[in-house]
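>>> Pasted the sequence and its predicted model underneath.
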Amino acid sequence: MTQAYRIFVWTSTKIFFSSILYKVMKIFISLIFTLSVFVPNQFLRAAPISTSPKQLAPKLLTPPPLSVVTPKKLIYTPINQGPYFDLPITYNSKVKKWVSFYQKNGRRDFKRWLERSSRYIPKILPVLESKGLPKDLVYLAMIESGFSPHAVSSAEAVGYWQFIKPTANRYGLTTDWWLDERRDIIKSTIAAATYLNDLYKMFDSWYLAVAAYNTGEGRIKKLIQRHNSTNYWTLAKKRDFPQETEQYIPKLIAAMLIAKAPKLYGFRDLNPQQQISYEFFTAPGGTDLENLSLYIGIDKETLNRMNPEIIKGFIPQYVSSHKIRIPKGALAKAKRFASSGLVLSN
């Protein structure tokens, strides 16, 4: 009996401690994964990865899709779940610098971008998905314009995706004296998605495609030929590499990291902007947005904000018609306005 009792105690103890060890190891592995994604420091350095999708598999950090179904209105990844990235992630000193900048000196602007994103990301993502592009490209619009249709650069790039006129026209956007479709969220996103898709086909690398979006495909082609390299990080170290483009990819990665887990990086108490419900109305030439807003009973700022592409506030009389956005439920009133004789002559 004594020997059997000893064997029982020894076996039970072994099973108990094996179970405890398994749980401890499971927690430890989970902790290491979380640290490797969110808080890399001098002890956790991620080596730069290849920008070619064909070589990403061994190094690209792509956690499995979330098993928890989140509400559609939720635009941020819950803090207790690992975010999913479909663009390559590299964490180095340049990315770390931009993360720090957004947390400190650039905090005010980045907070505003995060709050705007709830209004615009749901409009951009379906376009990217329809083109078969990575969803994370949505953060290009964030660092380009802060999701503002009124953003204008020193190079006269305009709108959400910061198109210059020649590129905008090449991809089907109208840039007229009264109409600038670079400020139209859907039309400009379709143009940007088409352009980015063309760039990816050209370079077979998202880092290089995005770099070319910033500085032009011709310049990136010349740099590749001159230095005989298709690695973005290698090219970025060269003296003749554009300084702005050298910071562009790190800036994008930093924005992605923070935007997917803002609380983890200290962005709490956000006030996400609500989406505006609208329907389309085919307005006749001569329509003045201020007169229309008074007729349908909304303030002119709201109607202008819904149609930022109409830069003069009216549709010229020589234009037969133009489709605009009006608040949902106002279509009947807008139609009565069109036939009332109140349309502006200009």
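Looks like it arrived, so ask away.
>>> For the residue nearest to Leu257 when sequence neighbours are not counted, which three-state class applies?
For Leu257, ignoring the flanking residues on the chain, the nearest one in space by CB to CB, 6 or more residues apart in numbering is Val99 at 6.4 Å. Heads up, the C-betas are built off the backbone N, CA and C, glycines and all. When classified by DSSP: H, G, I helix; E, B strand; the rest coil, Val99 comes out as helix.
>>> Restricting to C-alpha, output the helix or strand that Leu114 is a member of in CSV.
Taking DSSP states H and E as the definition, Leu114 sits inside helix 107-130. Presented in CSV, the C-alpha positions along helix 107-130 are these (Å, rounded to 0.1, in the frame of the first residue of the first chain):
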residue,chain,number,x,y,z
ARG,A,107,-0.2,64.2,-31.4
ARG,A,108,-2.8,66.9,-32.0
ASP,A,109,-2.9,66.4,-35.7
PHE,A,110,-2.9,62.6,-35.5
LYS,A,111,-5.7,62.6,-33.0
ARG,A,112,-7.8,64.6,-35.5
TRP,A,113,-6.9,62.2,-38.2
LEU,A,114,-8.0,59.3,-36.1
GLU,A,115,-11.3,61.0,-35.3
ARG,A,116,-11.9,61.8,-39.0
SER,A,117,-11.0,58.2,-40.1
SER,A,118,-14.3,56.9,-38.8
ARG,A,119,-16.1,59.0,-41.4
TYR,A,120,-13.9,58.2,-44.4
ILE,A,121,-12.4,54.7,-43.9
PRO,A,122,-15.8,53.0,-44.4
LYS,A,123,-16.1,54.8,-47.8
ILE,A,124,-12.5,54.0,-48.9
LEU,A,125,-12.2,50.3,-48.0
PRO,A,126,-14.9,49.0,-50.4
VAL,A,127,-13.1,50.6,-53.3
LEU,A,128,-9.7,49.0,-52.3
GLU,A,129,-11.4,45.6,-51.8
SER,A,130,-13.1,45.9,-55.2
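>>> Show me which positions of it end up buried.
110-114, 116-121, 124, 127-128 (16 or more other CB atoms under 10 Å).
>>> do stretch 312-319 as well
Here stretch 312-319 shows Gly313, Phe314, Ile315, Pro316, Val319 as buried, counting by 16+ other CB under 10 Å.
>>> coming back round to it: can you give me the distance of the residue nearest to Leu257 to Pro166?
34 Å (CB to CB, to the nearest Å).
>>> More neighbours: which of these two?
Just comparing Val99 and Pro166: by other CB atoms under 10 Å the higher neighbour count belongs to Val99, 20 against 9.
>>> thinking the more buried one is in contact with Ala259, fair?
No. Val99 is beyond contact range of Ala259, at 11.3 Å (criterion: CB atoms under 8 Å).
>>> one step back: now tabulate the buried residues of helix 107-130 in TSV and tack on pLDDT and distance to Glu156.
What follows is the buried residues of helix 107-130, written out as TSV (pLDDT from 0 to 100; distance: CB to CB, whole Å):
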residue	pLDDT	distance to Glu156
Phe110	98	25
Lys111	98	28
Arg112	97	23
Trp113	98	22
Leu114	98	27
Arg116	96	22
Ser117	97	25
Ser118	95	29
Arg119	95	25
Tyr120	97	22
Ile121	97	26
Ile124	97	23
Val127	98	24
Leu128	98	26
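>>> Mind checking the pLDDT average for the host helix or strand of Tyr213?
Under the criterion of DSSP H and E, Tyr213 resides in helix 206-215. The average pLDDT for helix 206-215 rounds to 98.
>>> Renumber starting at 39 from here on
Okay, residue one is now 39; in that scheme the one you just asked about reads as helix 244-253.
>>> Heading C-terminal from that helix, find the next helix or strand.
Remark: after helix 244-253, the chain's next helix or strand is helix 255-265, criterion DSSP H and E.
>>> and that next one, how far out from the chain's middle?
Relative to the chain's own centre, helix 255-265 is displaced by 26 Å; criterion: CA atoms, centre = their mean, to the nearest Å.
>>> Can you tell me what sits against that helix?
237, 240-241, 246, 249-250, 268, 272-273, 276, 278-280 (CB atoms under 8 Å, 6 or more residues apart in numbering).
>>> Identify the residues contacting the very next helix or strand once past that helix?
Per DSSP H and E, helix 255-265 leads on to helix 270-274 as the next helix or strand towards the C-terminus. Residues outside helix 270-274 that contact it (CB under 8 Å, 6+ apart) are 86, 89, 128, 130, 243, 245-246, 249, 261-262, 265, 267, 279, 283-284, 287.
>>> Return the member of the buried residues of helix 145-168 nearest to Lys338.
Using CB to CB, Arg157 comes nearest to Lys338 of the buried residues of helix 145-168, at 19.6 Å.
>>> follow-up on the earlier one: farthest pair in the contacts of helix 270-274?
Greatest spatial distance among those (CB to CB): Asn130 and Ile262, at 21.1 Å.
>>> secondary structure class for Phe319?
Assigned with three-state DSSP, Phe319 falls in the strand class.
>>> what two of the buried residues of helix 145-168 are the furthest from one another?
Taking CB to CB, no two of the buried residues of helix 145-168 sit farther apart than Lys149 and Val165, at 25.5 Å.
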